[in-house]
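J.: what's the 3D shape of this:
(chains A and B)
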Amino acid sequence: MEYFLQQTVNGLTLGSIYGLIALGYTMVYGIVGMINFAHGEIYMIGAFISLVAFAALGFLGITWLPAAFVLVLLIAMAFTCAYGWTLERLAYRPLRNSFRLAPLISAIGASIFLQSYVQILQGARTRSLPSLLEGGFTPLHALGLDVTVSKMQLLIICMTMLLMAGVFMLVNRTRFGRAQRAVQQDKMMASRLGIRVDHVISMTFVLGAALAAAAGLLVTMYYGSVDFFIGFLAGLKAFTAAVLGGIGSVPGAILGGMLIGLIEVYWGGYVSGTYKDVSVFMALILVLLFLPTGLLGRPDSEKV
Amino acid sequence: MLKIASRIMLAGTVSVTAMAAQAEVIVGVVGPMTGQYASFFEQLTNGAKVAVERINADGGVNGEQLVLQIEDDACDPKQAVAVANKLAAAGAQAVFGHFCSAASIPASDIYDESGIVMINPAATSPMLTERGVPTVFRTAGRDDKQALVIADEIVRRKLGERIAIVHDKSTHGLGIAEGVKAALNEKGIQEISFDSLTAGEKDFSTLVTTLKAQDPDVVYFGGYFAEAGLLVRQAREAGMTATFIGDDGVASSEFPSIAGKAADGFLMTFPPDPRQNPASAETVAAFREKGIEPEGYTLYTYAAVEVFDQAAEAAGATSGQAMVDALRDGSFDTVMGTLDFDEKGDSSTEPFILYKWEGATYTPLP
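T.: Predicted coordinates:
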């Protein structure tokens, strides 16, 4: 029982990271109908910026963790959003009226470019950070179950819940969110009604990048290690999560993320640790075959 | 008049270039300049560069200056073959590399076709020399011997009864892990689990939880420092107290920065550290003066270049059958002591010994 619970904690933590990244995929798909394959690299850039920011703050003597955390979060979000915005302007906007495959190809190219860019600037080595938040809790100790929840794991799950609530509020309760939903439904009509469509799309990319930056920061603190290649696998799994949850649906992204995290961990823990990743991609294939719109996605209705 | 003058000049230029080409011996150093193992490749290039500098200062090889060509194979077999072809076409006479066994093996075939000698300072898979390619030699040890040493040490030092084996699915990691398993089984010890992780990933929480539930005394990890560091760090955070052992893939100064405090007490096997050898004192000092700490495979590469230099003098040639014969028959005085090669190309270096990581360095266990 405690093995199951421990793996569940691992899965929820992993799932939170996937969910945060998946939100970026899902929002962009919802609004421009394209998969931003370079999003994994945005997450990786967020992780690197967090690492550098922590190192810089340490150098400046700011070591009180809560302050450092908030500062690094803001710095990472600011820079990563700049990358996300630039990416959209340079790689996607010019191709918006082109054939459907063009932005996808551009996305793959942007992904390779960003990977190489970071590899050249930061080197190919793994960069590490010493452990910042140590220790954990054994909440079920009274029941005799040795299930450890580390402080980092708790931070990750709580931050994800907080950010998800924030995004939900943004999309459903603000003017911007309303504009976003309008653009998602009918771009041309929205622009006719005076909504600045280009701006809304840019801001969506920026929002996705901000969430990816948060994921990158949390991952940097959790594992203490980043390299230029982490965006690839994480991006692929988060994309799977977005599709599983229903691409285009915000709660779907988080749900999909958690599910993928749990599937990966249960498979790895009970069936085969060696082929743990197989479970995630099997899930992707099954979802695409049998439920392509995902769990919470809306089926594409014909527009009359 | 002008026509004759220009023709003489042209002939002069051509002959000068031809003379320059003849006065140089191109040798290659190949390995993962890009990718996760780049820090290992730095060890190789440092060793080769300093060796080439000193040999050139001493008059070169058979009177010819050595020119070092450094190439990147990213530890990828396909890229390794492309690079091998490139070096062969450039007229390289010898190659000190590659680093990864999976890349060295296909490249060795290409070099063999051109009679180019490969003196490998780091690849440890037994397959490299077992295939019977005559131009392959190495100053590094072999993983099958390494696996025996690991199994022996676990038993000899009574590190524990419950042994879990984990590998990273690479040629190197899987090879040693299977070797350790076989060696332990022969001694009558059954490992409690044989599992693997994916290199390049960061999250090993699932594996750590699985391992913790198995409650091992010893965990042997076959693979490289990045995964070893993350694995042991996450294991200690989860509260595991087992002893961790790794192999030569962990011998990098990056390991303690990735593992943090968890690096303390991590055991690993590595060939006897050439820095401890009195024969190498002067060379080690020379490296340190340049600001290079000759850790890991640095001196193995240095020795490989020394071997090449001495064999070329004995053979009167820098490649081809004469070179192969000289390497096989000769006995060479290197920074690692006296080296000779057996008929497979393996060197006579002492078998691996056990080291313990403490802070940022490793020291041999008595």
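J.: Going by C-alpha atoms from here, please, whenever you check contacts or count neighbours.
T.: Will do.
J.: and residue 25, which of the three is it?
T.: Answering for chain A, as no chain was given. helix (DSSP: H, G, I helix; E, B strand; the rest coil).
J.: hmm, I had chain B in mind actually
T.: Of the three states, B:Val25 takes strand under three-state DSSP.
J.: That one: neighbouring residues, count only.
T.: Neighbourhood size, B:Val25 [other Cα atoms under 10 Å in any protein chain shown]: 21.
J.: swap in B:Gly160?
T.: Per other Cα under 10 Å, the neighbour tally for B:Gly160 reads 14.
J.: distance of the closest residue to it other than its chain neighbours from B:Ser348?
T.: Leaving aside its sequence neighbours, B:Gly160 sits nearest to B:Asp217 (Cα to Cα, 6 or more residues apart in numbering or on different chains; 5.1 Å). Look at B:Asp217 and B:Ser348: by Cα to Cα, to the nearest Å, they are 34 Å apart.
J.: ditto for B:Glu289
T.: For B:Glu289 relative to B:Ser348 (Cα to Cα), the value is 30 Å.
J.: which of those two has more neighbours?
T.: B:Ser348 (15 against 10).
J.: Now the more buried one. Its backbone dihedrals?
T.: phi -90, psi 20 (degrees, to the nearest 10).
J.: That one touches B:Met336, doesn't it?
T.: No. In this structure, B:Ser348 is not within contact of B:Met336 by Cα atoms under 8 Å, at 10.6 Å.
J.: you'd agree B:Gln146 is up against B:Phe352?
T.: Yes. Counting by Cα under 8 Å, B:Gln146 touches B:Phe352, with 6.0 Å between them.
J.: hey, what's in contact with both of those two?
T.: Shared contacts of B:Gln146 and B:Phe352, defined by Cα atoms under 8 Å, 6 or more residues apart in numbering or on different chains, are found at B:Thr269.
J.: which regions of chain B lie under the pLDDT threshold?
T.: B:1-22, B:350 (pLDDT under 70).
J.: give me the number of residues near whatever residue of the stretch 101-250 of chain B ends up closest to chain A?
T.: Proximity of the stretch 101-250 of chain B to chain A (Cα to the nearest Cα) peaks at B:Ser196, 4.9 Å away. The tally of other residues near B:Ser196 (other Cα under 10 Å) stands at 24.
J.: Tell me what it is bridged to.
T.: Beta bridges link B:Ser196 to B:His167 when assigned by DSSP bridges.
J.: The residue in the stretch 251-366 of chain B that chain A sits nearest to and A:Arg93, how far apart?
T.: Relative to chain A, the nearest point of the stretch 251-366 of chain B is B:Ile258 (5.4 Å; Cα to the nearest Cα). Counting by Cα to Cα, the gap from B:Ile258 to A:Arg93 is 40 Å.
J.: between those two, who's got more neighbours?
T.: B:Ile258 (29 against 16).
J.: Isn't A:Leu259 up against A:Gly15?
T.: Yes. Counting by Cα under 8 Å, A:Leu259 does reach A:Gly15; the two are 6.8 Å apart.
J.: okay, those two: which has more neighbours?
T.: Using other Cα under 10 Å as the criterion, A:Leu259 and A:Gly15 rank with A:Gly15 on top: 31 against 24.
J.: Wait, a helix at that one?
T.: Yes. Assignment of A:Gly15 by three-state DSSP places it within a helix.
J.: what's B:Gly60 in contact with, if anything?
T.: Going by Cα under 8 Å, 6+ apart, B:Gly60 touches B:Leu66.
J.: now do A:Leu114
T.: Contacts of A:Leu114 were listed using Cα under 8 Å, 6+ apart, and they are A:38, A:41.
J.: Helix, strand, or coil at it?
T.: Here A:Leu114 is recorded as helix under three-state DSSP.
J.: just A:Ala82 next, same as before
T.: Per three-state DSSP, A:Ala82 ends up helix.
J.: okay, now it: neighbour count?
T.: Other residues lying near A:Ala82 total 16 when counted by other Cα under 10 Å.
J.: count of residues packed around the closest residue to it other than its chain neighbours?
T.: With sequence-adjacent residues excluded and distances taken as Cα to Cα, 6+ apart, A:Ala82 is closest to A:Val206, at 7.4 Å. Using other Cα under 10 Å, A:Val206 has 25 neighbouring residues.
J.: Are we agreed that B:Leu66 is in a helix?
T.: No. Using three-state DSSP, the assignment for B:Leu66 is strand, not a helix.
J.: bridging residues for it?
T.: Under the criterion used (DSSP bridges), B:Leu66 bridges to B:Val25.
J.: residues contacting it?
T.: So B:Leu66 contacts B:24-27, B:52, B:55-56, B:60 (Cα under 8 Å, 6+ apart).
J.: I'd guessed the residue of the stretch 101-250 of chain B closest to chain A sits against A:Thr274; true?
T.: Yes. Contact status for B:Ser196 versus A:Thr274: in contact at 4.9 Å, counting by Cα under 8 Å.
J.: Next, give phi and psi for whatever residue of the stretch 201-304 of chain A ends up closest to chain B.
T.: Closest to chain B within the stretch 201-304 of chain A is A:Thr274: 4.9 Å, counting by Cα to the nearest Cα. When read as degrees, to the nearest 10, the backbone of A:Thr274 gives phi -60, psi -40.
J.: all strands of the chain, in order?
T.: If you meant another chain, say so; for now it's chain A. Under the criterion DSSP state E, chain A carries strands at the ranges A:127-128, A:136-137, A:149-150, A:225-226.
J.: Can you look at chain B instead?
T.: B:24-31, B:65-72, B:94-97, B:117-120, B:136-138, B:163-167, B:193-196, B:218-222, B:243-246, B:267-270, B:332-334, B:337-339, B:353-358, B:361-364.
J.: Who does the third one pair with, and is each partner parallel or antiparallel?
T.: Within its sheet, and counting by DSSP bridges, strand B:94-97 is paired with strand B:24-31 (parallel), strand B:117-120 (parallel).
J.: quick one: the worst-scoring helix or strand of chain A on mean pLDDT near chain B?
T.: In chain A, no helix or strand scores lower on mean pLDDT, DSSP states H and E than strand A:136-137, which sits at a mean of 82. No. On the criterion Cα under 8 Å from any Cα of the partner chain, strand A:136-137 is out of touch with chain B, staying 8.8 Å away.
J.: So which residues make contact with that strand?
T.: Residues contacting strand A:136-137 (Cα under 8 Å, 6+ apart): A:148-152.
J.: Show the buried residues in the residues you listed.
T.: The neighbour-count criterion (16 or more other Cα atoms under 10 Å in any protein chain shown) marks A:148-150, A:152 among the contacts of strand A:136-137 as buried.
J.: Just name the most buried of the strands paired with strand B:94-97.
T.: strand B:117-120 (a mean of 29; mean count of other Cα atoms under 10 Å in any protein chain shown).
J.: need the contact list for B:Pro274.
T.: Counting by Cα under 8 Å, 6+ apart, B:Pro274 has contacts B:280, B:299-300, B:335-336.
J.: now with 10 Å?
T.: B:280-281, B:284, B:294-300, B:303, B:335-337 (Cα atoms under 10 Å, 6 or more residues apart in numbering or on different chains).
J.: can you pull the pLDDT of A:Asn36?
T.: Looking at A:Asn36, its pLDDT stands at 93.
J.: same question, A:Leu74
T.: pLDDT, A:Leu74: 95.
J.: Might one say that it is in contact with A:Ala213?
T.: Yes. Using Cα atoms under 10 Å, A:Leu74 makes contact with A:Ala213 at a distance of 9.3 Å.
J.: what is in contact with these two at once?
T.: Taking Cα under 10 Å, 6+ apart as the criterion, A:Leu74 and A:Ala213 both touch A:50, A:80.
J.: and the two? which has more neighbours close in?
T.: A:Ala213 (32 against 16).
J.: Now do the same for that one: its pLDDT.
T.: The model's pLDDT for A:Ala213 equals 96.
J.: In contact with it, which residues?
T.: Neighbour list for A:Ala213: A:20-21, A:42-50, A:73-81, A:207, A:219 [criterion: Cα under 10 Å, 6+ apart].
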